[in-house]
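S.K.: prediction below, plus the sequence it came from.
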Amino acid sequence: MMEQKKSSVEEVLVTKEKILVVDDEEDILELVQYNLEREGYRTVSAKTGEEALKIVEYHEIDLMILDLMLPGINGLEVTRKMKRNPEKMRIPIVMLTARGEEADIVTGLELGADDYVTKPFSPKVLIARIRAVMRKHANTSPDSNAVISRHGISIHPGRRIIRIDDKNVDLTYTEFQILQYLAERPGWVFTRTQIVDAIRGDNYAVTDRSVDVQMVGLRKKLGHHGQYLETVRGVGYRFKE
């Protein structure tokens, strides 16, 4: 009976997601891996950005926990390379960062990281953040890769390509996310907070200015097609129906 129960537990363990932990501090690596494996996750580790990118290239990784301060290629550069790789860009990234690195946190989120945890950190909080990010990605619509065509703008979510008049438009990660989010629901009006929560998850600090700046840049890159991103005074934005 005991053997049967043990076998069942082992089966659960091997079906859990694989998480890559990237940190150059041995004690942090051990702490994070210990707590993840205790929760049933499979883990692999790297101490440099270069090593992390090699692991991602040859292994199926479900999520990356990434320290920002790394020797060689730092965490921000790793994030940038990941989000520019069509085959790896959908791997969720949770950043680990020392307190006081607000500028790096903002940059990391702009590059496409999903969440961040500050050092020193609570393992329980880290696990909770990981679960939240996993749920967010698991709940992504199966039709999220379908091409969206609106007013001459073609949006290819899976390939992350925007085309207007048969020409590609180069957008940042955040600009692409905002355009896709609004274009999926033409005519709907979204507040600035709703837009940020939708593309980054809940509980991120947001200001009207940060969203407005993104919209200015997005409209400029879309040229005369930018007119279809409408401002609803006192509320937010919508994609013209």
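M.R.: On my side now, so go ahead. Numbering: from 1, shown residues only.

S.K.: what ranges does the chain have for its strands?
M.R.: All strands of the chain, identified by DSSP state E, fall at 18-22, 42-46, 63-67, 93-98, 115-119, 148-150, 153-156, 161-164, 167-169, 190-191, 229-232, 236-239.

S.K.: pull the CA atoms of the fifth one into PDB?
M.R.: This points to strand 115-119. The C-alpha trace of strand 115-119 is given here as PDB (Å, rounded to 0.1, in the frame of the first residue of the first chain):
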ATOM      1  CA  ASP A 115       6.900  39.800 -12.400                       C
ATOM      2  CA  TYR A 116       9.600  40.500 -10.000                       C
ATOM      3  CA  VAL A 117      10.600  39.600  -6.400                       C
ATOM      4  CA  THR A 118      12.900  41.700  -4.300                       C
ATOM      5  CA  LYS A 119      15.800  40.400  -2.200                       C
END
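
S.K.: counting neighbours, what do you get for Asp27?
M.R.: 8 (other CB atoms under 10 Å). Bear in mind the C-beta positions are built from the backbone N, C-alpha and C, glycine included.

S.K.: mind listing the helices for this protein?
M.R.: Applying DSSP state H to the chain gives helices spanning 2-14, 26-38, 49-58, 75-83, 102-111, 123-138, 173-183, 192-200, 208-222.

S.K.: can you lay out these as JSON lines showing mean pLDDT and distance to Arg233?
M.R.: Listed next are the helices of the chain as JSON lines, based on pLDDT from 0 to 100; distance: least, CB to CB, whole Å:
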{"stretch": "helix 2-14", "mean pLDDT": "39", "distance to Arg233": "53"}
{"stretch": "helix 26-38", "mean pLDDT": "94", "distance to Arg233": "47"}
{"stretch": "helix 49-58", "mean pLDDT": "93", "distance to Arg233": "44"}
{"stretch": "helix 75-83", "mean pLDDT": "90", "distance to Arg233": "33"}
{"stretch": "helix 102-111", "mean pLDDT": "82", "distance to Arg233": "26"}
{"stretch": "helix 123-138", "mean pLDDT": "87", "distance to Arg233": "31"}
{"stretch": "helix 173-183", "mean pLDDT": "88", "distance to Arg233": "17"}
{"stretch": "helix 192-200", "mean pLDDT": "76", "distance to Arg233": "13"}
{"stretch": "helix 208-222", "mean pLDDT": "87", "distance to Arg233": "12"}
